[in-house]
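Enquirer: Fold the following and give me the result.
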Amino acid sequence: MLLVDCDVAKRHVSEIVGLKHENGLLNALSDDSIDVESLVVQTNLRGLSILPAGKPVEADLRALSSNRMRQIMKTLLRAIRAASC
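Expert: As a prediction, this is how the structure comes out:
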């Protein structure tokens, strides 16, 4: 299971699991050269991974509804499907 912290304004989930200062979704949205799969962090809970919200960047929050976001979600879905086979 993959939990994506999309609350980029407050990043509560990332903070709770100690990943508030890690690169994550915001960084992947603002830089298309970043491989989003490399930002996924395994947790100590079996079967749970997290994509942190990421470090604050000068990104417009409209990026959450951008083509780049759709591309990121497709990439993550492919990775999840491949891992479950």
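Enquirer: Can you identify each of the strands in the chain by residue range?
Expert: Secondary structure of the chain (DSSP state E): strands at 2-4, 41-42, 49-51.
Enquirer: So which of those is nearest residue 76?
Expert: Nearest of those to residue 76, taken as C-beta to C-beta: strand 2-4 at 6.3 Å. Backbone N, C-alpha and C define where each C-beta goes, glycine included.
Enquirer: quick one: strands adjacent to that closest one?
Expert: strand 49-51 (parallel) (DSSP bridges).
Enquirer: and residue 21, which of the strands of the chain is closest to it?
Expert: Checking these against residue 21 by C-beta to C-beta gives strand 41-42 as the closest, at 12.2 Å.
Enquirer: name the helices or strands packed onto the closest one?
Expert: Other elements packing on strand 41-42 under the criterion 3 or more C-beta pairs under 8 Å, 6 or more residues apart in numbering; DSSP states H and E are strand 49-51.
Enquirer: Out of the strands of the chain, which gets nearest to residue 31?
Expert: Smallest distance to residue 31 across the strands of the chain (C-beta to C-beta): 14.7 Å, for strand 49-51.
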